[in-house]
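> Quick one, what's the 3D model for this:
(chains A, B and C)
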Amino acid sequence: MTSYFVFGTFLVLGAIIIGVLMATHSGKIAPKIRRIPALDSIEEAVGRATEMGRPVHYSPGYGEITTSTAPQTFASFDVLRYVVTLTARYNTQLIVTCKSPQSFPIIQELVRETYLAAGKPDMFHEDTVRFISEAQFAWAAGVLGIFNREKVAANIMLGYFMAESLLFAEGGAQVGAIQVAGTGNLAQTAFFVAACDYTLIGEELYAGGAYLSNDPGKVGNLAGQDVVKFLTIAFIVLGTVLATFESNWLLELTAK
Amino acid sequence: MWLERLQNIDRRVIYTVLLIVLLGPMIKPIGIPLTINKTTYQMYNLIESLNPQSDIVMLAMDYSVAGAADVHPQAVAVAKHLANRGIKMVMVAFVPDGPMLAERVLNILGDRVTYGEDIVNLGYLSGGESAVKKFIDEPATTFPRDHRGNAISSLPIMSNIKTIHDFSLIVDFQTGSPGYQDFLRQLPAGGPLYAAGIVTVSVPNVMPYLDSGQFAALLPGLRGGAEYEVLIGEPGEGAARMDAQSLGHMVIVTFIIVGNVAYFFSKRQEKSGRR
Amino acid sequence: MKRGVPLLIVFVVGFVMLTTYFIKNPTLGQARTLLNNWGVIVTAFSVGLASVNILRIHSARIANRRSGWINSVALILTMFIFIVVGIYSRHNPDNKAAAQLFSNLFDYAYSPFSATMYAMIAFYVASASYRAFRMRSFEATLLLTAALLVMLGNAPIAEQIWDKFPVIGNWLLNVVNTTGQRGIAIGVAIGGFATSLRILLGFDRGHLGYGE
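Numbering: from 1, shown residues only, chains lettered A, B, ... in the order given. Just a heads-up that it's a prediction; the model follows:
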């Protein structure tokens, strides 16, 4: 056993999240999501690409589907589905570039099936979803090449990003693309804020699926996160008060 | 007109100025004095506190060749310090570039260490966090051979390693994933101390971990490497590159100030024009 | 059925991985090792699948003589050279020439190309910060001031001008930044936890496709 406290926390917080999710799913509670301008701007970005007759680029980032970056990759899939639906509605070319060979087949199927569901199966081509390279900077170079050759008009980057974030964001700005970005990797958020038109900060990335689909399960999941956040804040306040009075009780409890 | 131009300087002008300023000190270092930060002292003191008779350090070579300019000087300086003190090192990589970079460190260490006795380059283990977990669980058997193809059983240094607790300290040089989060999640309570050598851009991210004591020490980017070189009395490529980085910062600061001064005066002109 | 089996696999694998994180049990530990190894094998196959995509896209480019087709030739050639030399040198450790060739490819081709891309970030930082950091509002001015102070705090030359730059820069980094980072990091971690739970328990099935 690593720690009873960690295991107990996992069970309690997991139960809270699932409880709120189920309550929302069954209609017992109806949480509302605040406006998130970055997500609203996606339609504007796709619309602009349509007007200009140029493609939309989507990147799900550096993240994998089997590591700790997986939640961000899955959150990105939710937004990607929405972007595919929009490009299908507006008949706009979409280019999705991948770094992760693990997520590549999933993304390929996701895009193909979303086009099919939108009644536009012909919009899916062999080069709609492109695996560039598993090597970080080979991938970055490949994506920058696509920006310049194909003159993308909208660049949407959501997921886990690393050092390539600024290369993509500044590369997109140089070809005049409208840019929407978001990542849970805080070190890269600053670059997105500096170079993109709209940025999702931190956990806003996870709100994408709920916000864009209004699916009760996803909205409930988001509400569950907020309940856990309140509990965490209470825990921090308690810890601070105890530490102020020189009590190590909570610190010792977390090690048990 | 000028104010407008200064607010929209062509990016090629910015790139050219920056390139010239960066190249100058790389060709002929200026030797701008470097003060040592508290964090670097912390790492130095941590390594000074180790016992050459009993302590073994694991060096996780988790940086890519692309980010090596930022992290490699740290790895070299720390390895030199450990070698100078006669402390044994086990190099492991969880990113593909790691073993080749470890070989570069070994080449620099040269005669200071005897391969197989004082140091070993175990090679690369794929699988990200799962690989980190696997090595933490079974450090003695995870690699049947080292990076150079030697059987692990033939290397005297590895006879000292049975569990992860046989390491006193892990210094993880990293540019991304796997990195500190994977190690902090997987290391057992009461296990070896964990210190990180980190790429500059991630420094703001990791400060909370140093503050909370989860990191025993931290070397921040190229500056951390350069400071460490000065501390051990062997200025190397890190210290040489700091001049370029320092001047590069000043160029960026200057361009930002120029843009803002022009912006400020153009706003004032607009206001007085309206009156 | 089309979704039932994958959902069950996701649940079982997730259960084994999670329980072995908390509880030490030899049987579950062995199951975890086995699943980890399978994961590595599946990843290796996915690399193959992705490489096929590269080959198909770029072969079509060459066949149709689309603009920039010569780049596709370079890509395919380089890919094969690395694969052949890499596999050969790995399986023939006694062949020093092959090992040297692989080492040279790494040192003189892969390394400089990667480092060049990484180095470009410095130039992009310069142009992005020049464009973005303007005193357009009070918040923007705060951001600009903090950025300038942290940059100056990290540049030894600025320290020669005024020795308080590092003090202010470090205070911003250690106090102001750390506070904000903690808040956002906790939010990201909770979001990741909730999303993973939704996937492992099968509430989110989007990645498994539309079909029932």
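
> which residues in chain C form helices?
With DSSP state H, the ranges of helices along chain C come out as C:4-22, C:26-63, C:69-91, C:96-105, C:111-132, C:138-154, C:156-161, C:165-171, C:178-200.

> dump the residue contacts of residue 119.
Using chain A. Each residue near A:Gly119 by C-beta atoms under 8 Å, 6 or more residues apart in numbering or on different chains is listed here: A:Ala88. From N, CA and C alone the C-beta is placed, and that goes for glycine too.

> Switch to chain C, please.
B:Ala69.

> that older thread, turn the helices of chain C into CSV, columns for mean pLDDT and distance to A:Ala255.
Listed next are the helices of chain C as CSV, based on pLDDT from 0 to 100; distance: least, C-beta to C-beta, whole Å:
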stretch, mean pLDDT, distance to A:Ala255
helix C:4-22, 87, 15
helix C:26-63, 87, 23
helix C:69-91, 91, 44
helix C:96-105, 89, 46
helix C:111-132, 90, 40
helix C:138-154, 90, 34
helix C:156-161, 88, 40
helix C:165-171, 91, 30
helix C:178-200, 90, 19
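
> now whatever residue of the stretch 101-250 of chain B ends up closest to chain C, nearest residue through space, not along the chain?
Nearest to chain C, among the residues of the stretch 101-250 of chain B, is B:His249, at 3.9 Å (C-beta to the nearest C-beta). Spatially, and ignoring its direct neighbours in sequence, B:His249 is nearest to C:Ala155 (3.9 Å; C-beta to C-beta, 6 or more residues apart in numbering or on different chains).

> Also C:Ile157?
Spatial nearest neighbour of C:Ile157, chain neighbours left out: B:Ser246 (4.4 Å); criterion: C-beta to C-beta, 6+ apart.

> what helix or strand is that neighbour on?
According to DSSP states H and E, B:Ser246 maps onto helix B:237-274.

> Can you work out which other helices and strands pack against that helix?
Secondary-structure packing of helix B:237-274 (3 or more C-beta pairs under 8 Å, 6 or more residues apart in numbering or on different chains; DSSP states H and E): helix B:2-7, helix B:11-27, helix B:68-85, helix B:221-231, helix C:111-132, helix C:138-154, helix C:156-161.

> Pick the most deeply packed of those helices.
helix B:221-231 (a mean of 26; mean count of other C-beta atoms under 10 Å in any protein chain shown).

> Secondary structure of B:Met91: a strand, I assume?
Yes. Counting by DSSP: H, G, I helix; E, B strand; the rest coil, B:Met91 is located in a strand.

> wait, doesn't it sit right on B:Glu103?
No. Counting by C-beta atoms under 8 Å, B:Met91 stays clear of B:Glu103, with 9.2 Å between them.

> Identify the contacts common to these two.
Common contacts of B:Met91 and B:Glu103, defined by C-beta under 8 Å, 6+ apart, comprise B:Asn121.

> And the two? Which one has more around it.
Using other C-beta atoms under 10 Å in any protein chain shown as the criterion, B:Met91 and B:Glu103 rank with B:Met91 on top: 26 against 18.

> and that one, bridged to which residues?
B:Met91 has these beta-bridge partners by DSSP bridges: B:Leu59, B:Asn121.

> if I pick it, what's in contact with it?
Contacts of B:Met91 by C-beta under 8 Å, 6+ apart are B:58-61, B:98-99, B:102, B:105, B:119-122.

> can we see that at 6 Å?
B:59, B:61, B:102, B:121 (C-beta atoms under 6 Å, 6 or more residues apart in numbering or on different chains).

> So A:Ser133, which state does it fall into?
Under three-state DSSP, A:Ser133 comes out as coil.

> That one: how many residues sit nearby?
By other C-beta under 10 Å, the residues close to A:Ser133 number 21.

> Identify the residues contacting it.
A:Ser133 touches A:Trp139, counting by C-beta under 6 Å, 6+ apart.

> if we can go back for a sec, next one: the helix holding B:Ser246 to chain centre, how far?
Centre-to-centre, helix B:237-274 and its host chain are 28 Å apart (C-alpha atoms, centre = their mean, to the nearest Å).

> Where do the domain boundaries of the chain fall?
No chain specified, so I'll use chain A. A:4-30+A:215-255, A:37-213 (automatic domain parsing).

> Wait, chain C was what I had in mind.
Following automatic domain parsing, one gets these domains for chain C: C:1-66, C:68-132, C:135-202.
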